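Novice: sequence and computational prediction follow.
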Amino acid sequence: MRTVVAILTVVAFASVPLWLRDPYLMNALITTGIFIIGAMSLNLLLGFTGQLSLGHIAFFGIGAYVSALTSLGFDAGLPFGFRIVHEPWPPIIGFVLAIVVAGLCGYLVGLLSFRVRGAYFVIVTISFAEVVRLVALNWVELTQGPLALTNIPSITIGMPGLGDLTLRTKLQNYYLVLAVAVIAYVLISRLVHSHFGRAMRGLMENETLAVSVGIDVTKTLTLAAVISAGIAGAAGSLYAHYIRIIDPEVFAFINTVTMVIMVITGGKGSLAGPVVGGMIFGLLPVFLRPVMAPEAQWIAYGGVLIVILFVLPRGIVPSLAQRFAKRRSRVEAVAPVAFVKRDAKEHA
Amino acid sequence: MSEFLQHLINMLVLGGTYALLGIGLTLIFGIMNVVNFTHGVLYTFGAYIMFIVVHQLGVNFFLALPLAVVAGWLLGAAIELILLRPLRGSDIDTTMLVMIGAWIAMQSGALWIWGGVAKSVTTPFPEAPLVLGPVSVSWLRLFVLAAAAMLIVVTYLLINRTKLGCAMRATFQDHDTASLMGVNVDMIYTSTFAIGSSLAAAAGALLGPVYVIFPQMGDLAAVKAFAIVILGGLGNITGAVIGGFILALAEELGAGYVSSGYRDAMGFLIIIAVLIFKPTGLFARSERVG
C-alpha cells in the first residue's frame, strides 16, 4: 500500500512537465523541490532524533559554496603567505564534494553539540550558521563576499554513448531535482527502518533506557547529523548550479525557518511529512503573491506555524494517518454486531 | 594605548545595554524554561516606540524611555497570556517553535507597518563629544550607560528585595513547591515575561538612537542575548551583567584588532566556545535567580 502510494506520487511528479508549461511555476517547483530535500534532511534530525537544528541552512549553504567554488575555481590567500589556487573542475565533482564537506561539517557540529542538548543544541546550531555566514560575507577573496559568486556552470552528466549532457533547461533541472529527492527519500526511509533508525528513535523516546541496552549515543547522533548535513549539502549544490548565483544571503536564518515550518507542518518524524509541508509552503508564495505583500505573507507564515502547533501539534501527515487508522479500527471493532455490519455494508 | 582606552569606554556603553538584554532573557529562560525568540522583536519594538514617541507624538526624549519600557511590558504580558499560557506544560521544543512563529510574524509586521528604511532618532544631546584626555565619548552614550546602569540596579532590587522577586526566585527553584506555598505561579510567569520583555524594549530604546532603527535590528540582539545568558549561566542576573560586559569587550577588541566585519561573530564564537568547554556558563556556581 505504502509503496504503491510512493510510486504513484513519483509518477505524478514525473508527469508534471508534460502538462505544466508555465516557466514561472516550473521554477517554483524546482526551488520547492530543492527545499524539500533540505527539509527531509532536517526531518532526519528533528523527527527521528528529536534534535532541533536551527542552523541547518549552514550545511545547505556550505554545499552551495563548495560546489560553486569547485566548478568555478578560486585563488585565495591564507595566513603566513600561503595561497591555495584551484583550477575549475566539472560541476558533478563539485556536487560530490559538496556532500562530503557538508557531511564533515555535520560531523564537527554533531560532535560539539551533542554534548549539549535541547535549547543549547539549538543555540549552537544557530551560532554555527551565523559564523559561517559571516565568513562567507567577509572572506571576499574566496567567496566574493556580498558581490556573490556568479556564472556558476550548470551540472554536466556524462551519458554513456551520448556524450556530455549539460542540464541547462528547467525541464532537465526538474528531473535532476526529482531524482535526487527520490534518492534522498529512499535513503532516509531505509535508514530509519534499519537497526540504526531504531537506535535513533530509541534515544528520542527514552535516552536512559536506550543507553542501558547498549546504544552508543554519540555515535548514533553524530552519524545522523553527518547524513543529514550531507543531504542538505547535496540540496545546496543543486541550488547553486540551478540558480547559478549565490551570495551570503543563502545563509539567512529565515531559510532555516522555512525548512522548519515545512517539517513541522507536514509532520516531523513522518517520512512524507516534509514533502507535504514543503509542497504547501513552497507553492503557497506563488499563489499568495498576487494577493498579499511579501511582508504580509511572512506574517501569515508565522501565524500558520503557531496555529499548526496549537491545532495539529504532530503535523498534517501523522494526524491524517491517525484519523484514517482510527476510522478503520472503529469499523472493525463494531463489525461483530450484526445490524451494524449490515449498515456498514450498505454504506459501502 | 589610547586606542585601547577608547575600546574600553565603548565597551562600557555597549555592555550596559547588553546586560539589560541578557538579564531579561536569563529571567525568562531561567524561570519559565522558554527559549524566547521574541526577545529581539521586543528590542526592535522598544526602539520603534522611542522613534514614534519622539518624532510622531513630539514627546520629550527623556519621557520616551519610560514609555518604551511600559509598552514592552504590555506587549510581553500579551505574548505570555495569548501564546504561552495555553501551552503550559508542553515541551520546550513546542514553545520554542511557537516563539519562532511569533517572532517571524511580529518582525514582518514591523516591516509592514514601518517599512524597511532605517530611521534615526534625534536626541537633545550636543553633537560635540565629551573629551577626557586621550579618549572621547558622546553625551548620548554616557546617558545610555547611566540609564542602563539605573535599570540594572532597579531590576536587581526588584528580584532581591521585593515580595514579587522572592516569589520569582522561589518559582525558579521549584515551581511546584512555590505553588504549594501560595505563590500564584501563573502570575509569576506572566510578570517574568513582562519584566524580561520590558528590559529588552529598554535596551532597544537606548541603543536605537545610538545607531539606526530598522525591523531586523533585533535578530542580532537576540543572539547576543543568548550568548550573554550562556556566558553568565541560566537565571543568573549577576552573571548576565558580567556576561554583557564580556561580550561587549570581545566585540570591541575583535572589531578593533581583528576585523570590523567579524564584530558580530564574537557573540557566536563565545557561545560555541563556552558550550564546548564549560556548558554551565562561566559563573554557574549555583544556578539560581539572584
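Specialist: Yep, it's here.
Novice: got the buried residues for the host helix or strand of B:Ala194?
Specialist: Here B:Ala194, judged by DSSP states H and E, is contained in helix B:185-210. Within helix B:185-210, the residues that count as buried by 16 or more other CB atoms under 10 Å in any protein chain shown are B:185, B:188-210. Bear in mind the C-beta positions are built from the backbone N, C-alpha and C, glycine included.
Novice: is it anywhere near chain A?
Specialist: No - contact of helix B:185-210 with chain A (CB under 8 Å from any CB of the partner chain) is absent, the minimum separation being 15.5 Å.
Novice: check which helix or strand covers the closest residue to B:Gly254 other than its chain neighbours.
Specialist: Among residues not flanking B:Gly254 along the chain, B:Met266 sits closest, at 4.5 Å (CB to CB, 6 or more residues apart in numbering or on different chains). For B:Met266, the element it lies in under DSSP H and E is helix B:265-277.
Novice: against which helices or strands is that helix packed?
Specialist: Applying 3 or more CB pairs under 8 Å, 6 or more residues apart in numbering or on different chains; DSSP states H and E, we find helix B:265-277 packed against helix A:91-113, helix A:118-138, helix B:217-232, helix B:237-253.
Novice: make JSON lines from those and add distance to B:Val144 to it.
Specialist: Below are those laid out as JSON lines (distance: least, CB to CB, whole Å):
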{"stretch": "helix A:91-113", "distance to B:Val144": "35"}
{"stretch": "helix A:118-138", "distance to B:Val144": "25"}
{"stretch": "helix B:217-232", "distance to B:Val144": "14"}
{"stretch": "helix B:237-253", "distance to B:Val144": "12"}
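Novice: compare those and give me the one nearest A:Ser228.
Specialist: Between A:Ser228 and these, the tightest spacing by CB to CB is seen for helix A:91-113, at 6.2 Å.
Novice: which strands or helices does that closest one pack on?
Specialist: Going by 3+ CB pairs under 8 Å, 6+ apart, helix A:91-113 lies up against helix A:56-72, helix A:118-138, strand A:156-159, helix A:217-243, helix B:265-277.
Novice: check those for me: which has the lowest mean pLDDT.
Specialist: Among the helices and strands packed on helix A:91-113, strand A:156-159 carries the lowest mean pLDDT, a mean of 72.
Novice: for whichever helix or strand comes after that one, output the C-alpha coordinates as PDB.
Specialist: Using DSSP H and E, the helix or strand that follows strand A:156-159 towards the C-terminus is strand A:163-166. Extracted C-alpha coordinates of strand A:163-166, given in PDB (Å, rounded to 0.1, in the frame of the first residue of the first chain):
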ATOM      1  CA  GLY A 163      28.400  12.400 -24.800                       C
ATOM      2  CA  ASP A 164      28.100  15.000 -22.100                       C
ATOM      3  CA  LEU A 165      24.700  16.300 -21.200                       C
ATOM      4  CA  THR A 166      24.600  19.800 -19.700                       C
END
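Novice: quick one: average confidence on strand A:163-166?
Specialist: Regarding strand A:163-166, the rounded mean pLDDT is 70.
Novice: now stretch A:93-112
Specialist: Across stretch A:93-112, the average pLDDT comes to 90.
Novice: now tell me what touches that stretch from outside.
Specialist: Under the criterion CB atoms under 8 Å, 6 or more residues apart in numbering or on different chains, residues A:55, A:58-60, A:62-64, A:66-71, A:124-125, A:128, A:155, A:218, A:221-222, A:224-234, A:236-238, A:240-241, B:272, B:275-276 lie in contact with stretch A:93-112.
Novice: list only buried entries from these.
Specialist: The buried subset of the contacts of stretch A:93-112 - by 16+ other CB under 10 Å - is A:55, A:58-60, A:62-64, A:66-71, A:124-125, A:128, A:155, A:221-222, A:224-234, A:236-238, A:240-241, B:272, B:275.
Novice: ok, back up a step: what angle separates the helix holding B:Met266 from helix A:91-113?
Specialist: If you take axes from the mean of the first three to the mean of the last three CA atoms, to 10 degrees, helix B:265-277 sits at 60 degrees to helix A:91-113.
Novice: wasn't A:Asn151 part of a strand?
Specialist: No - in this structure, A:Asn151 is coil, not part of a strand, as judged by DSSP: H, G, I helix; E, B strand; the rest coil.
Novice: how far away is the nearest residue to it once chain neighbours are set aside from A:Leu176?
Specialist: Ranked by CB to CB, 6+ apart and with sequence neighbours excluded, the top spatial neighbour of A:Asn151 is A:Arg244, at 6.8 Å. From A:Arg244 across to A:Leu176, the span is 14 Å (CB to CB, to the nearest Å).
Novice: the more surrounded of these two?
Specialist: Comparing A:Arg244 with A:Leu176 by other CB atoms under 10 Å in any protein chain shown, the one with more neighbours is A:Leu176, at 21 against 15.
Novice: what does the stretch 1-150 of chain B put close to chain A?
Specialist: Within the stretch 1-150 of chain B, the positions near chain A by CB under 8 Å from any CB are B:29, B:35, B:83, B:86-87, B:90, B:92-94, B:96-98, B:100-109, B:111-112.
Novice: how does it look with 10 Å?
Specialist: Contact residues (CB under 10 Å from any CB of the partner chain) of the stretch 1-150 of chain B with chain A: B:29, B:33-35, B:37, B:82-83, B:86-87, B:90-113, B:115-116.
Novice: now, of those, which are buried?
Specialist: Buried members of the residues of the stretch 1-150 of chain B next to chain A, counted by 16+ other CB under 10 Å: B:29, B:33-35, B:37, B:83, B:87, B:93, B:95-112.
Novice: in helices, which of those residues fall?
Specialist: Among these, the ones falling in helices (DSSP state H) are B:93, B:95-112.
Novice: residue contacts, the closest residue to B:Gly22 other than its chain neighbours?
Specialist: With CB to CB, 6+ apart as the criterion, B:Gly22 has its nearest non-adjacent residue at 3.2 Å, and that residue is B:Ile228. Contacts for B:Ile228 were tallied using CB atoms under 10 Å, 6 or more residues apart in numbering or on different chains; they are B:15, B:18-26, B:239-248, B:267, B:270-271, B:281.
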